[in-house]
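# just to be clear, the model below is a prediction. Sequence and coordinates:
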Amino acid sequence: MKIGWRLAVACAVACLGVPTAAQTGADLRARVAAWVRAQQPALVNELVELLSIPNVAADRPNIRRNARHLEQMLARRGFAAELLETDGNPLVYGELRVPGATRTILFYSHYDGQPVDPKSWKQDDPFKPVLRTNRLDRGGEIIDMSRLGTAPGGAARRSERNHRAVYEDDWRLYARSASDDKSPIAGLCAAIDSLESLGLMPAVNVRVILDGEEEASSPSLVPAIARHRAKLAADLMVILDGPIHSSGRPTIAYGARGIVTFDLTVFGPKAGVHSGNYGNWIPNPAQRLAALLASMKDDSGRVLVQGFYDALVPLTTEEQAMLEAVPEDTQSMLRTFGVAEPEAAFPMLQAGLQAPTLNVRGLSSAHVGAGARTIIPDRATAAMDIRLVKETSAEDLVEKVRAHVRAQGYHLVAGEPSDEDRARHPRLASLVISENVMAPFRTRPLDAQARRVATALEQAFGDAPVQLRTLGGSVPIAPFIEALGFPAILVPVVNFDNNQHEENENLRLGSFFQGIEIIAAILRS
């Protein structure tokens, strides 16, 4: 799908004035959708090829393979593409200058993914994509991708009109980063291809920055922003990350929560001791940690740490109206996730997204399963995170959690407790921030650049996009806004039920194909 941009320049320049009805809005979407239908095998194959390269941030050799592969994908679309080296993993950068364009959009995505536990996946290898007829929990069966569109009687349904394979919208592609965040990158490239096929170019200059450490809190990104200010300048940043609204309608989020992660450890004896010989006498750190965690939240899910919500301010009338305009699909979502009811403190999802969270993301103490031993463990650790909203400070909330731990009778140590610590303090714990803090951000919904995108999506899809004040996840965007001064929005394009960050991550193909239409509309905004 090599792009002959130079051959299209004359037409593109002519189209940069007032677009005709045949080139904009619903008609443009229909023409892009038709192109996508015709190109489904090639689009899926390119994504499968990308997903087949392991992409855990700590795996430096494979991360560089990803970066080179993405650099080539951009170059094939006419981008001036290069790797921006950092102290960690490289950033992939591309620029497509459009004759006559007066605005620039900077697209951000990331190409690294969460670590994997292959034993927990329902396939041989999380980096060998598997296509299924539906979600695993809905009985999705494996489809032989090699036979799609090539052999009669294969897994694909045949179109009577053109006798080629048709990919069903509800088919799911299972692989690490299928949704978070490689498919939006492939979708952006496909959107560029679709416009070229129609004799069009984007109506804006396009810059792309692809992060190789987002899932590791992007430690190399902030220094790179300072070094490459000129390359990263734009009128608007569009972040292609996060899940689309559960209704499947195009979605814009005007902000995202930040995150701070930490490990909370409660210490017991110097080494694990026999639970029969010393039970009822040596305190058990796992049970103490459980009690400590229970003291942090009430049964409704409201955080009990003193002052945890103090920084929040009441929503304005306009902000409250924005929340209420978001379609609620609570019962359907609960069924999807297999949960009977939400937290009583925040029964409406949108209300819950406006407050900071205190989350236990993992627990560890001694051994379980076949390796379990009859011991009192030496320690117990909770890996925790706080999702931050714009009004909150990571330092302030972490200090409030520290104060809560002390109020429960614990002496906090900076590392391993010394013999003197053990002799003086009956309750010992540590609280250590484990990764870089990612700050929250929020853009005004009425920002002129953001409104252009909202209008373009409304024209293309015939209805206003779902508009979210804040997306629940975190992205490393605040430093761009602070250093470079442009607004940013998120435009998620993947299904909400994608097992993001978990085993069996998946992408609904219908969402992938619609995402190409969404990105094409933005490129022509």
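Cool, the structure landed.
# name the nearest residue to the residue sitting nearest the centre point of the chain, ignoring sequence neighbours.
Centroid check for the chain by CA atoms, centre = their mean gives G242 as the closest residue, at 4.0 Å. Using CB to CB, 6 or more residues apart in numbering and skipping residues adjacent in sequence, the residue nearest G242 is P492, 3.9 Å away. In short, each C-beta sits where N, CA and C put it, glycine included.
# ditto for P115
Closest to P115 by CB to CB, 6+ apart is V56, at 5.3 Å.
# you'd agree the residue nearest to G242 is in a strand?
No. Assessed by DSSP: H, G, I helix; E, B strand; the rest coil, P492 does not belong to a strand; its assignment is coil.
# OK, contacts around it?
P492 is in contact with 240-244, 251, 253, 471, counting by CB atoms under 8 Å, 6 or more residues apart in numbering.
# adding distance to Y108, write these out as JSON lines.
Putting those into JSON lines (distance: CB to CB, whole Å) gives the following:
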{"residue": "L240", "distance to Y108": "7"}
{"residue": "D241", "distance to Y108": "8"}
{"residue": "G242", "distance to Y108": "12"}
{"residue": "P243", "distance to Y108": "16"}
{"residue": "I244", "distance to Y108": "17"}
{"residue": "T251", "distance to Y108": "16"}
{"residue": "A253", "distance to Y108": "13"}
{"residue": "L471", "distance to Y108": "13"}
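# just the residues you listed: which are in helices?
Among these, no member falls in helices (DSSP state H).
# before we move on, the earlier item: show the pLDDT at the residue nearest to G242.
Turning to P492, the model gives it a pLDDT of 97.
# ok, G301 next?
97.
# I'd like the numbering to begin with 226 instead of 1 from here.
Sure thing, new numbering starts at 226, so read that last one as G526.
# who touches it in this structure?
Contacts for G526 (CB under 8 Å, 6+ apart) come out as 568-571.
# what's in contact with stretch 506-523?
Taking CB under 8 Å, 6+ apart as the rule, stretch 506-523 contacts 489-494, 498, 528-530, 570, 583, 585, 588, 590-591, 601-607, 626, 629-630, 633, 635, 651-652, 654.
# at 7 Å what do you get?
The contact list for stretch 506-523, computed with CB atoms under 7 Å, 6 or more residues apart in numbering, reads 491-494, 498, 528-530, 583, 585, 590, 601-602, 604-605, 607, 629-630, 633.
# same question, stretch 582-602
With contacts defined as CB under 7 Å, 6+ apart, stretch 582-602 is touched by 493-494, 497-501, 503-504, 507, 509-511, 518, 521-522, 528, 530, 604-612.
# could you give the number of residues near L622?
Neighbours of L622 under the rule other CB atoms under 10 Å: 23.
# could I get the average pLDDT for the helix or strand hosting it?
Using DSSP states H and E, L622 sits within helix 619-632. The average pLDDT within helix 619-632 is 98.
# and stretch 331-347, by the same measure?
If you average the pLDDT values across stretch 331-347, you get 97.
# can you measure across it, start residue to end residue?
In stretch 331-347, first residue to last residue: 37 Å (CA to CA, to the nearest Å).
# go on, stretch 317-332?
End to end - CA to CA - stretch 317-332 spans 11 Å.
# what sits up against that stretch?
Contacts of stretch 317-332 (CB under 7 Å, 6+ apart): 234, 237-238, 241, 292, 295-296, 299, 303-309, 336, 413, 426-435, 456-457, 459-463, 465.
# repeat for stretch 647-667
Stretch 647-667 has contacts (CB under 7 Å, 6+ apart) with 442, 444, 479-492, 613-615, 619, 623, 626-627, 630, 634-640, 642, 646, 695, 699, 701-703, 706, 713.
# thought I410 was touching L435?
Yes. Contact status for I410 versus L435: in contact at 6.5 Å, counting by CB atoms under 7 Å.
# which of these two has more residues huddled nearby?
Using other CB under 10 Å as the criterion, I410 and L435 rank with L435 on top: 30 against 23.
# what lines up beside the helix or strand containing that one in the sheet?
Assessed by DSSP H and E, L435 sits inside strand 430-436. Using DSSP bridges, strand 430-436 pairs in its sheet with strand 316-321 (antiparallel), strand 329-335 (parallel).
# got the buried residues for that strand?
Neighbour counts over strand 430-436 (16 or more other CB atoms under 10 Å) mark 430-436 as buried.
# and what of stretch 719-729?
Going by neighbour count (16+ other CB under 10 Å), the buried part of stretch 719-729 is 719-725, 728-729.
# likewise stretch 295-302?
Neighbour-count burial for stretch 295-302, counted by 16+ other CB under 10 Å, picks out 295-296, 298-299, 301-302.
# again with stretch 480-497
Within stretch 480-497, judged by 16+ other CB under 10 Å, the buried ones are 480-487, 489-494, 497.
# next one: stretch 564-583
Within stretch 564-583, the residues scored as buried using 16+ other CB under 10 Å are 567, 571, 574-575, 578-583.
# count the neighbours of A451 for me.
So A451, with other CB under 10 Å, has 11 neighbours.
# confidence score at it?
90.
# just to revisit the earlier point, show me the two of the contacts of G526 that sit farthest apart.
Spanning the widest gap among these are A569 and F571, at 8.0 Å by CB to CB.
# and the residue lying closest to D460 once chain neighbours are set aside, how close does it get to V491?
For D460, ignoring the flanking residues on the chain, the nearest one in space by CB to CB, 6+ apart is R328 at 4.7 Å. Relative to V491, R328 is positioned 54 Å away (CB to CB, to the nearest Å).
# ok, back up a step: among the contacts of stretch 647-667, which ones are in helices?
Short answer: these in helices (DSSP H) are 619, 623, 626-627, 630, 646, 703, 706.
# neighbour count added to these, as CSV?
What follows is the ones in helices among the contacts of stretch 647-667, written out as CSV (neighbours: other CB atoms under 10 Å):
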residue, neighbour count
A619, 20
V623, 18
V626, 21
R627, 17
V630, 21
D646, 13
A703, 21
I706, 16
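# possible to save the residues you listed as JSON lines with distance to V355?
Converted to JSON lines, the ones in helices among the contacts of stretch 647-667 look like this (distance: CB to CB, whole Å):
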{"residue": "A619", "distance to V355": "38"}
{"residue": "V623", "distance to V355": "40"}
{"residue": "V626", "distance to V355": "41"}
{"residue": "R627", "distance to V355": "44"}
{"residue": "V630", "distance to V355": "44"}
{"residue": "D646", "distance to V355": "51"}
{"residue": "A703", "distance to V355": "36"}
{"residue": "I706", "distance to V355": "38"}
